[in-house]
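Participant: quick one, structure for this:
(2 chains)
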Amino acid sequence: MNIQSTVPTSAAGSSHSEPRASAALTGEQLVEVFRRMVRIRAFEDQVYGSLLKGLVLGTTHLCQGQEATCVGSVMALRDDDFLSYTYRGHGVCIARGMSPEAALAELFGRTTGICKGLGGSMHLTDPTIGLMGSFGIVGAGLPFAVGNALAARMDRKGRIAMTFFGDGATNIGAFHESMNLAAVWSLPVIFVCENNLYGEYSRIDRTTPFEDIARRGDAYGIPAAIVDGNDALAVYDAVCEAAARARAGRGPTLVECKTYRQGGHSRTDPAKYRPSEEVEVWMKRDPLILMRDTLKQHTPLTDADADGIEIEIRRDMELIAARAAAAPWPTFDEEALRAATYA
Amino acid sequence: MNSTTMTYREAIIAALRDELRSDPSVLLMGEDIGESGGVFKTTEGLFKEFGPERIRDTPISETGFVGAALGMAVAGYRPVVELMFADFMGVCFDQLVNSIAKHRFVSGGRASAPLVIRTACGGGLGFGSQHSQTAESWLLSVPGIKIAAPATPADAYKMLRAAIRDENPVVVLEHKALLGMKGRVDTEDDFAASLDGPAVVREGVDVTLVASLAMVPRALEAAVALAADGIEAEVVDLRMLRPLNLELIADSVRKTHHLVTIEEQSLIGGWGGEIVAQTVAGAFDYFDGPPLRIAMGDYPLPFSKPLEEAARPSADRIARQVRSLLRAA
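Facilitator: Modelled structure (predicted):
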């Protein structure tokens, strides 16, 4: 296993001579990319801290280290495009604009939770902002996204669907059926694979015949791109291109984002199954650090400014967590539970 | 309103057609349902009228297209998916029980999933054990999905339209041995019915027979034989398996004092157990004898014709077992 070879050497998106979409982003928009990434990091860190304090019960799956993939892809889409995601989906929700307080309250199981405490970490849903569904079963979101895309196509409003899943999910039947359906019906769907090299505790080389998930696009005639998943603008560019293809009626795209989760699979998993050299290499490529570099190159923002943004967002997140922790517990009410089950 | 005699199959087509006409958000998906009109010809003529976008042929990908139905339902459509055989629920079981059944609940009641899965179920045609299950009780223990089981052409029309209009996921079981059954159907322009529950299809005073799908005509046949012996059986068509609304059955037992369930499925885990338990609890003092469950044995349905026939409860066997029950009372 060659650790170094898992790190993308450049933003190896598709080659084209047109200007990159990200080149058109203003300084303000670039700062917004950074802010959303910081917000996700602050949220996930807050969740982890809350878990240790016993405020988050059950399990949770955190995405620190994968912020560039979430934000780059979500910001490349329209607000009315459909999103579906996984149990490691807090980042997508925060990137899209879900209330961090309602999300935290959901993880804490309170009545003010975005799903009234009925769903929990793995099921954060807000259809009013296109956060259509989150799934606890690996791969289950892909057929759902195929449906979103079919609806979008029939609506004829130019909307598309985007769905997130990990490298592990590309071995389950639902992935293959969904890719096939999307290809055969030429659906406006973007399949975003967050390849963080691990399916739960198992490294990709033990479960999958090759490490470039993008190769699987070929099996279905679906164009695929490999992207540095820790470079928010590279992700943005790849998804913009996929979105344009989808909106033009030219079908699905598979965007493989090479990334890494800084934490374990779930709860307090120390992830001892990962070699320390590998972890070290990826920690140095923290997407927040990479985005700071991008900002310094393209905007007047300094490190001190970036620090200021982080401090402010983290402080806000502390207050949000305190409010969520003070929210009331739901009372057991059979009728209410039935009403939440049956329309 | 139009009242005609038609087959169960024609009633299905009429229901689909009338819903497709009245609501542009309704669409069909399934294997070979388009130009081919479905392997059981239950979508015949619809492709011609509504075209390939709304009558959509799928690859053999049950997990894919059943999951896609959920994705469409939350996005403003009313997909009606055909699962070629009810046995194939096994193929997409995760999408049914973990995604579809729970989507509304885990979203805190914010999302809805108005979709229908209609599927050909049941045995008697020699299709073998993997293509003959009624699958009536497979989803009984999963909250979130309704299950309709029309046993007549009138209900095949009415309950399918009601299912499509229901805001919840509904599985509609269409028994393949009933496809040719004829009956009077009222097709309506201003359709307003909703899914309801059991119905008395033959009045009687001596024993309550509860049956579903293809067992309903057999229960009625048994009732005719029993009447010759002076036993007047009240036959109840179960019609809805989930939710199970059993007040009508309890009322019937308060009148007849004997309860018999007739199920085309293995005894253990069948809906009959649920009905017996609830009715005994609710009308305990009214029983003059133990409840009786007539069902199939603890083995898959055999292929060979004489074995298949013997394995499924016949009108003869029903009448015999009811006579024994009442003699012992």
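Participant: would you mind listing what in the stretch 201-343 of chain A touches chain B?
Facilitator: Taking Cβ under 8 Å from any Cβ of the partner chain as the criterion, the stretch 201-343 of chain A approaches chain B at residues A:337, A:339-343. Placement of C-beta: from N, CA and C, glycine included.
Participant: from those, which land in helices?
Facilitator: Secondary structure from DSSP state H places A:337, A:339-341 of those in helices.
Participant: hmm, back to that, can you pick the most crowded of the residues of the stretch 201-343 of chain A next to chain B?
Facilitator: Highest neighbour count within these: A:Ala340, with 21 neighbours (other Cβ atoms under 10 Å in any protein chain shown).
Participant: that residue: what's it in contact with?
Facilitator: A:116, A:118, B:104-105, B:108-109 (Cβ atoms under 8 Å, 6 or more residues apart in numbering or on different chains).
Participant: which residue, other than its chain neighbours, is closest to it?
Facilitator: Nearest residue to A:Ala340, sequence neighbours excluded (Cβ to Cβ, 6 or more residues apart in numbering or on different chains): B:Gly109, at 3.8 Å.
Participant: count of neighbours near that neighbour?
Facilitator: Other residues near B:Gly109 come to 18 when the count uses other Cβ under 10 Å.
Participant: correct me if wrong: it contacts A:Lys116.
Facilitator: Yes: counting by Cβ atoms under 8 Å, A:Lys116 is a contact partner of B:Gly109 at 7.0 Å.
Participant: show me where chain B has strands.
Facilitator: Assigned by DSSP state E, the strands in chain B fall at B:2-7, B:26-30, B:55-57, B:78-83, B:116-121, B:146-148, B:170-175, B:182-187, B:199-202, B:207-211, B:233-237, B:240-242, B:259-266, B:292-296.
Participant: name the residues of the stretch 201-329 of chain B found near chain A, please.
Facilitator: Residues of the stretch 201-329 of chain B found near chain A (Cβ under 8 Å from any Cβ): none.
Participant: sketch out the helices for the stretch 201-329 of chain B, chain order is fine.
Facilitator: B:215-228, B:247-256, B:271-282, B:305-311, B:315-328 (DSSP state H, counting those that start in this stretch).
Participant: highest mean neighbour count out of these?
Facilitator: helix B:215-228 (a mean of 21; mean count of other Cβ atoms under 10 Å in any protein chain shown).
Participant: helices or strands up against that helix?
Facilitator: Packing contacts for helix B:215-228, counted by 3 or more Cβ pairs under 8 Å, 6 or more residues apart in numbering or on different chains; DSSP states H and E, involve strand B:199-202, strand B:207-211, strand B:233-237, strand B:259-266, helix B:315-328.
Participant: reformat these as JSON lines; add distance to A:Cys257 and mean pLDDT.
Facilitator: Shown next, in JSON lines, are those (distance: least, Cβ to Cβ, whole Å; pLDDT from 0 to 100):
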{"stretch": "strand B:199-202", "distance to A:Cys257": "56", "mean pLDDT": "98"}
{"stretch": "strand B:207-211", "distance to A:Cys257": "56", "mean pLDDT": "98"}
{"stretch": "strand B:233-237", "distance to A:Cys257": "55", "mean pLDDT": "98"}
{"stretch": "strand B:259-266", "distance to A:Cys257": "48", "mean pLDDT": "98"}
{"stretch": "helix B:315-328", "distance to A:Cys257": "62", "mean pLDDT": "96"}
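Participant: circling back to that earlier point, just the strands of chain B: most buried one?
Facilitator: Across these, averaging neighbours per residue (mean count of other Cβ under 10 Å) puts strand B:207-211 on top, at a mean of 29.
Participant: ok, it: who's next to it in the sheet?
Facilitator: strand B:233-237 (parallel), strand B:259-266 (parallel) (DSSP bridges).
Participant: and B:Ala69, which of the ones you listed is closest to it?
Facilitator: Closest to B:Ala69 of those, according to Cβ to Cβ: strand B:259-266, at 25.5 Å.
Participant: tell me where the stretch 151-300 of chain A has helices.
Facilitator: Taking DSSP H, counting those that start in this stretch, the helices of the stretch 151-300 of chain A run over residues A:173-184, A:204-207, A:215-219, A:232-247, A:276-284, A:287-298.
Participant: mind listing what's buried in the first one?
Facilitator: The reference is to helix A:173-184. For helix A:173-184, a neighbour-count test (16 or more other Cβ atoms under 10 Å in any protein chain shown) marks A:173-183 as buried.
Participant: CSV for those residues, including pLDDT?
Facilitator: Shown next, in CSV, are the buried residues of helix A:173-184 (pLDDT from 0 to 100):
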residue, pLDDT
A:Gly173, 98
A:Ala174, 98
A:Phe175, 98
A:His176, 98
A:Glu177, 98
A:Ser178, 98
A:Met179, 98
A:Asn180, 98
A:Leu181, 98
A:Ala182, 98
A:Ala183, 98
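Participant: so who does B:Leu267 touch?
Facilitator: Counting by Cβ under 8 Å, 6+ apart, B:Leu267 makes contact with B:293, B:295-298.
Participant: now do the contacts for B:Gly270.
Facilitator: B:136-137, B:261, B:263, B:293, B:295 are the contacts of B:Gly270 under Cβ under 8 Å, 6+ apart.
Participant: mind running it again at 7 Å?
Facilitator: By Cβ atoms under 7 Å, 6 or more residues apart in numbering or on different chains, the contact set of B:Gly270 is B:137, B:263, B:295.
Participant: next one: B:Val81
Facilitator: Counting by Cβ under 7 Å, 6+ apart, B:Val81 touches B:29-30, B:65-66, B:69, B:115-117.
Participant: so which of those residues are also by chain A?
Facilitator: Contacts with chain A within the contacts of B:Val81, counted by Cβ under 7 Å from any Cβ of the partner chain: B:65, B:69.
Participant: A:Gly147: which of the contacts of B:Val81 is nearest?
Facilitator: Taking the contacts of B:Val81 together and measuring to A:Gly147 by Cβ to Cβ, the closest member is B:Ala69, at 6.2 Å.
Participant: quick check: the closest one touching A:Gly147?
Facilitator: Yes: at 6.2 Å, B:Ala69 and A:Gly147 qualify as touching, with contact defined as Cβ atoms under 7 Å.
Participant: of the two, which one has the most company?
Facilitator: Neighbour count, other Cβ under 10 Å: between B:Ala69 and A:Gly147, A:Gly147 has more, with 35 against 32.
Participant: which phi and psi does that one have?
Facilitator: With angles defined as degrees, to the nearest 10, A:Gly147 sits at phi -70, psi -40.
Participant: surely it meets B:Leu70?
Facilitator: Yes: between A:Gly147 and B:Leu70 there is a contact at 6.0 Å, judged by Cβ under 7 Å.
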